[in-house]
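S.K.: heads up, no residue letters with this:
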């Protein structure tokens, strides 16, 4: 059964998504069903991780034994649809399944007052399918299809509260961005297909010659994935989408954003890795984009009054750290001594920051959702004195805020330290910007904590009490993970992050998968 | 000279359509027109892929009652399959966009994109 | 919208379109077309019926048709057929071909007049996709129709 794990990763949540509408008005049952299905996918992804980390790259071909078609003349070419799973894919798959589970658990109470919940949960699982497909596939066209699935499901969820005009506005903005980005991805796929006559990532990467047309394709892929992961010139959709979406969807939506980041890494590391000359330039572009993203994101966050909007701008700013870390690694990819010296650690910092950021930002957005659940407002000026009423939410918020600002015993510190140390070796100016951003982040979260939780208790919140248990459990799990990853970073680094980084660096291994080699 | 303008005509049309689509998305104020712009872009990309898949002298890969001279000259139908998948996705995208547009019109009473910016900052 | 011209045309055309749609779905493994295309043609026939009738009639008719369930059924059927391949092969493996089951007759090599009873799982997949697509597209058209009609009545 182990060899079918990649297919089951897609089939199980799809099954869940298609059965969910059959529950009709039984909202409680459908949410329990979603929690069960997403829980199963968490187990499956952990099993898959064990298989891949111990056994190497896994190739799964749909509907046949071999991915290649061998013509009578002896010419063999891969034509089948296939999944190619390496440690980096598994790393993203674990984040996706874990966050969908947390989101489903949190949604159990958070959206219980809304209607149409069977569609909400079906879309949640479809979003998970889209993310998992994007990170597991070994085929460029499948990447486009799953990108669109995630985009459609995500934007439908952003516009879920259809009694609010703002939700529809944010939804159409997100859908517009994601469909234009996906169409440009498809255009680039068409360009590559026209040249190499194939859609297989490994096959194209082996044969890529990097002429003028390939450069156009790389540019299109780079810009569209940067657009979808919210890097700076195209970041305007992020705060709208994250603010309007129900807080239970925030964790999977964050992972959907970083699945685009994964695709960006996949394109620049795997697809164009054989091209030696221009890769350093791409790495510099990525690093500078990262610094700009983190700085502009945090300055926009400082002036916000809406608590979820403030956190969304911080999400943009944190994306910059990942781009910086991996960009530093990419600049020195073809220089073995520098790569061993700091490139590998820089990439580890960037990749580790992905999961750390997903964890603490989901935690923060969920505490914001809890504040909204209790007070009915997201405006910071109207809150105050809630720490005594909601102790667990307040503590979770403190853990998340400390982690995002990079204070020592929490997980943000572990990955940020790696990024500081290594980007200093490339150019000290990059590090200065990263540290200033961190300080500004701390400043803005102190402001949120002071205005929402501290101060005299307000009269209108006299009768508020702590949020329901499923929401508390979801928040406590994430807060515990924050502390765990911060205290024992080596556990995660050795088991998951360094294998993922090595999978990106050893692109030759990805290129020579079973069928074609 | 072998009629190169005719060989490249589909690609010229694709370029024109791409430019039109981006212009419509960027400069039109009516939300429905912006949605139409996305559809034009999609048409351009689909046409690009179909044009790539054209092989001179090739036959469509349908074995049912094919002419006998088609044997061995059939083309690989991958580009057509890609286009169909992309059309399927396009239907879902446009339906969802129009649903959002209807909802926005209900709440704001207008489809002018410059007047429905309640989310800003 | 419901003029005499549309109603008369619908009476003649709608049955033809529905039959043509089912033909495309069933012959998906032999001729161009398949589940999505056939489903779309079928749904356009239903859309014609929706447009040609007034709101109350349409609502009455489609209250009885479980469109959402049909959509789920199509998708689950697709998954189930795909999962058949897990018995010893990989997901979506064509296990029914050459097995003398329905649609399981062996396919002749080369150019042939086309036999309906071939194709294996492909035919089943076409039918399930067709079900899903016709239900999905019809419900999209239906929802837009109901929304827009309601708004015209209000203003």
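M.R.: Thanks, I have the structure now. What you see is a predicted model, and the numbers here were worked out from it, not measured in a lab.

S.K.: Quick one: distance of stretch A:358-368 to the chain centre.
M.R.: Remark: stretch A:358-368 is offset 13 Å from the chain centroid, using C-alpha atoms, centre = their mean, to the nearest Å.

S.K.: which outside residues touch that stretch?
M.R.: A:95, A:99, A:102-103, A:106, A:242, A:247-248, A:250-251, A:254-255, A:258, A:307-308, A:311, A:314-315, A:318, A:378, A:393, A:396-397, A:399-401, A:403-404, A:410-412, A:471, A:474-475, A:478-479, A:481-482, A:485 (C-beta atoms under 8 Å, 6 or more residues apart in numbering or on different chains). For every residue, glycine as well, the C-beta is placed using N, CA and C.

S.K.: try stretch A:264-275
M.R.: A:88, A:201-202, A:204-206, A:208, A:210, A:214, A:218, A:221-222, A:225-226, A:229, A:279, A:282-283, A:286, A:326, A:330, A:333, A:504-505, A:507, A:510-511.

S.K.: Generate a PyMOL selection restricted to the buried entries among those residues.
M.R.: This is the PyMOL syntax for the buried subset of these, where burial follows 16 or more other C-beta atoms under 10 Å in any protein chain shown:
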select buried, chain A and resi 88+201+202+204+205+206+208+210+214+218+221+222+225+226+229+279+282+283+286+326+330+333+504+505+507+510+511
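
S.K.: re the thing from before, pull out whichever of the contacts of stretch A:358-368 are also neighbours of chain C.
M.R.: Residues of those in contact with chain C (C-beta under 8 Å from any C-beta of the partner chain): none.

S.K.: now, which of those residues lie within helices?
M.R.: Secondary structure defined by DSSP state H assigns A:95, A:99, A:102-103, A:106, A:242, A:250-251, A:254-255, A:258, A:307-308, A:311, A:314-315, A:318, A:393, A:396-397, A:399-401, A:403-404, A:411-412, A:471, A:474-475, A:478-479, A:481-482, A:485 of the contacts of stretch A:358-368 to helices.

S.K.: how many neighbours does residue 28 have?
M.R.: With no chain named, the answer covers chain A. Counted with other C-beta atoms under 10 Å in any protein chain shown, residues neighbouring residue A:28 total 11.

S.K.: You answered for a different chain; I wanted chain C.
M.R.: Neighbours around residue C:28, by other C-beta under 10 Å: 23.

S.K.: Any regions of the chain where pLDDT drops low?
M.R.: Picking chain A for this. A:73-74, A:276-278, A:513-517 (pLDDT under 70).

S.K.: To clarify, I was referring to chain B.
M.R.: In chain B, residues with pLDDT under 70: B:1-3, B:118-121.

S.K.: buried ones in stretch A:189-205?
M.R.: Going by 16+ other C-beta under 10 Å, stretch A:189-205 has these buried residues: A:189-196, A:198-205.

S.K.: Okay, and which of those residues map to helices?
M.R.: Among those, the ones falling in helices (DSSP H) are A:189-196, A:201-205.

S.K.: filter those down to the ones near chain B?
M.R.: By C-beta under 8 Å from any C-beta, the members of these lying near chain B are A:189-190, A:193-194.

S.K.: Among those, which one lies nearest to residue C:113?
M.R.: Proximity of these to residue C:113 (C-beta to C-beta) peaks at residue A:193, which lies at 33.2 Å.

S.K.: give me every residue that touches that closest one.
M.R.: So residue A:193 contacts A:140, A:199, B:49, B:52, B:78-79, B:82 (C-beta under 8 Å, 6+ apart).

S.K.: Most proximal residue of chain C with respect to chain B?
M.R.: residue C:114 (3.5 Å; C-beta to the nearest C-beta).

S.K.: how close does the residue nearest to that residue when sequence neighbours are not counted get to residue C:125?
M.R.: Once flanking residues are discounted, residue C:114 sits nearest to residue B:64: 3.5 Å by C-beta to C-beta, 6 or more residues apart in numbering or on different chains. Using C-beta to C-beta, to the nearest Å, residue B:64 is found at 18 Å from residue C:125.

S.K.: just residue A:497 next, same as before
M.R.: From residue A:497 to residue C:125 the distance is 40 Å (C-beta to C-beta).

S.K.: quick one, which of these two is more surrounded?
M.R.: Applying other C-beta under 10 Å to residue A:497 and residue C:125 shows that residue A:497 carries more neighbours, namely 27 against 21.

S.K.: Leaving aside the residues adjacent along the chain, what's closest to the residue in the stretch 201-350 of chain A positioned nearest to chain B?
M.R.: Here the stretch 201-350 of chain A gets closest to chain B at one residue, residue A:240, 4.8 Å apart by C-beta to the nearest C-beta. Of all residues not flanking residue A:240 in the chain, residue A:170 sits nearest, at 3.9 Å (C-beta to C-beta, 6+ apart).

S.K.: Just give me the neighbour total for the one you found.
M.R.: 26.

S.K.: Also residue C:110?
M.R.: So residue C:110, with other C-beta under 10 Å, has 8 neighbours.

S.K.: re the thing from before, dump the residue contacts of the residue nearest to residue C:114.
M.R.: Contacts of residue B:64 (C-beta under 8 Å, 6+ apart): C:30-31, C:112-114.

S.K.: Identify the farthest-apart pair in these.
M.R.: Across those, the longest distance by C-beta to C-beta is 12.4 Å; it joins C:31 and C:112.
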